[in-house]
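In: kindly generate the corresponding structure for this input.
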Amino acid sequence: MASPSIASATDRAPVTWRTVCRLALMVVVLLFLIVPHLCYRAVGRPSPMVMAFLNAAGWIAGLRIRTTGTRLRRDVLFVSNHVSWLDILALGGAARSAFVSKAEVGATPLVGWLADQNHTIYVQREAKREIHNQTNALRSALAQGRPVTLFPEGTTGPGDGLLPFRPSLLQAVIPTPPRLQVQPVFLDYGEEAPDIAWLDPESGLDNFKRMLARRRPVALTIHYLDPLPDEMESDRKLLAEAARSAIVARMETARPSATARHRL
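Out: Numbers count the residues shown, from 1 in each chain. Presented below is the predicted three-dimensional model:
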């Protein structure tokens, strides 16, 4: 039987009572937090309601998170594997991180507005004329000290392996701003990673519905790995290779049988 994450595009995820209840709870939480959030924004202060919503939405979706390692609080670029939209809830809530995301996300109704509230940095990977502006936007966000997460695979992967990293996505931080550290992060969904993964041809909406319909909680371990040495931060290819190697090494420690098939 095919994994749910790689099922035919014609196999639409059903809407169950569990899906409806979880979605309704997310809406209730959003409505409860939106007024104080807008008040914070009106007076120009950072809003803790964004982190509160991401944490609550993750819990409602079934995420049960534990962490290992030491998370850097400021002046950090997290470089992480990418498995599911649940990654956003996890790192946005637990690590208080903003994200680098495809421009299409910002154009999506409601999702784009929610992403804007978390100071998402949008990139148009095919628009070469925009590279300079996008680089400045990312460097400006990092200069403010707030954690930012980049998924250098460029898309969601299988969860039990790692796709090649795209060095071009790291060009914006070469050379790295003063005080900035690059910290690899391994998002470990354990043996259920292939079922959690959002892969083609499954649509984002179907993956969303399928995750909300799950009966079992989604166990996630966030491994914060050692920051990369400063000498790796002078070249985007070295940086991508070092970050990927660190995550692969932790994968092999966490689940040695799972990574042998995915040495790409």
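In: so what's Y40 up against?
Out: P46, S47, P48, M49 (C-beta atoms under 8 Å, 6 or more residues apart in numbering). Where you see a C-beta, it was placed from the backbone N, CA and C, and this is true even at glycine.
In: could I get the residues you listed as CSV with neighbour count?
Out: CSV is the format used below for the contacts of Y40 (neighbours: other C-beta atoms under 10 Å):
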residue, neighbour count
P46, 12
S47, 17
P48, 13
M49, 21
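In: and which of those residues is nearest K237?
Out: Nearest to K237 among the contacts of Y40 is P46, at 34.6 Å by C-beta to C-beta.
In: let me know the secondary structure of that closest one.
Out: coil (DSSP: H, G, I helix; E, B strand; the rest coil).
In: not counting its neighbours along the chain, what's nearest it?
Out: With sequence-adjacent residues excluded and distances taken as C-beta to C-beta, 6 or more residues apart in numbering, P46 is closest to Y40, at 7.0 Å.
In: quick check: the one you found vs M51, distance?
Out: Per C-beta to C-beta, to the nearest Å, Y40 is found 12 Å from M51.
In: E233 too?
Out: Taking C-beta to C-beta, one finds E233 at 28 Å from M51.
In: out of these two, which sits in the busier spot?
Out: With neighbours defined as other C-beta atoms under 10 Å, E233 and M51 compare such that E233 has more, 22 against 17.
In: what number of residues lie near the residue nearest to that one when sequence neighbours are not counted?
Out: Closest residue to E233 apart from its sequence neighbours, by C-beta to C-beta, 6+ apart: T176 at 4.3 Å. Neighbour count for T176, taken as other C-beta under 10 Å: 21.
In: over to R66?
Out: R66, neighbours per other C-beta under 10 Å, totals 11.
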